[in-house]
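A.B. asks: Return atomic coordinates for the entry below.
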Amino acid sequence: MRTAESLGLRASLTGVVIVHLAVVLWHWSAHAHVPVPLSALKSVFVTVVILVLPVLGAGLLWTDRKRTGAWLIVLSMFASLVFGFVNHFMLPSPDYVLAVPPHAWRYAFVLSAGLLVVTETIGTVLGAVAVPRWRRSMEVGTRALVEATEPASAH
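C.D. replies: Numbering: from 1, shown residues only. Next up is the predicted model:
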């Protein structure tokens, strides 16, 4: 993959992760203000999968482990998308957007839940584009390295 194209994809993925992080923090704040409590298990999932893994993946994009970073982003964003969509829009629970009681933060809760769907969908799709592209570029680079290090008589 050309360097400019790879740089653009890395920058796009990083940008989505940063916007996603901002929306997650906004939504988390709405959770606290309304309040809409989470179970201990859901809190662990949110902390690890929704907060930490995408940020870790974005950091890895800027190292020689960019494909691992893309995998972390695509898997964590997809898991976040399923978790959030089911809990905010399908299951009747305190987290269900139509069950949030009237409160000054109610609209922030609902809007941020919708924006999470958007950022997680974009992150999932961009990550899914990056993984196979960077695999192909790694194969081409490895092949070129092998050919460059083989003795001239092997060609």
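A.B. asks: quick one: what helix or strand has G57 in it?
C.D. replies: Secondary structure here is read from DSSP states H and E; on that basis G57 sits in helix 53-60.
A.B. asks: mind listing the helices for this protein?
C.D. replies: Using DSSP state H, the helices of the chain run over 3-33, 40-45, 53-60, 66-89, 106-149.
A.B. asks: I'd like the distance from the spatially closest residue to M77 that is not a sequence neighbour to V74, if you could.
C.D. replies: Nearest residue to M77 in three dimensions, chain neighbours excluded: G123, at 3.5 Å (C-beta to C-beta, 6 or more residues apart in numbering). Quick note: C-beta positions are derived from backbone N, CA and C, even for glycine. Using C-beta to C-beta, to the nearest Å, G123 is found at 7 Å from V74.
A.B. asks: Those two - which one has more neighbours?
C.D. replies: Comparing G123 with V74 by neighbour count (other C-beta atoms under 10 Å), the higher total belongs to G123, at 27 against 22.
A.B. asks: quick one: contacts for the more buried one?
C.D. replies: Residues near G123 by C-beta atoms under 8 Å, 6 or more residues apart in numbering: L13, V16, V17, H20, P54, I73, V74, M77.
A.B. asks: do you know how far V23 is from V16?
C.D. replies: With the distance defined as C-beta to C-beta, V23 ends up 10 Å from V16.
A.B. asks: Likewise for L111?
C.D. replies: From L111 across to V16, the span is 18 Å (C-beta to C-beta).
A.B. asks: If you count surrounding residues, which of the two has more?
C.D. replies: V16 (24 against 15).
A.B. asks: wait, the more buried one sits on T119?
C.D. replies: Yes: under the criterion of C-beta atoms under 8 Å, V16 lies in contact with T119, with a separation of 6.1 Å.
A.B. asks: got a list of what V100 touches?
C.D. replies: For V100, the contact set (C-beta under 8 Å, 6+ apart) comprises V34, V36, P94, R106, F109, V110.
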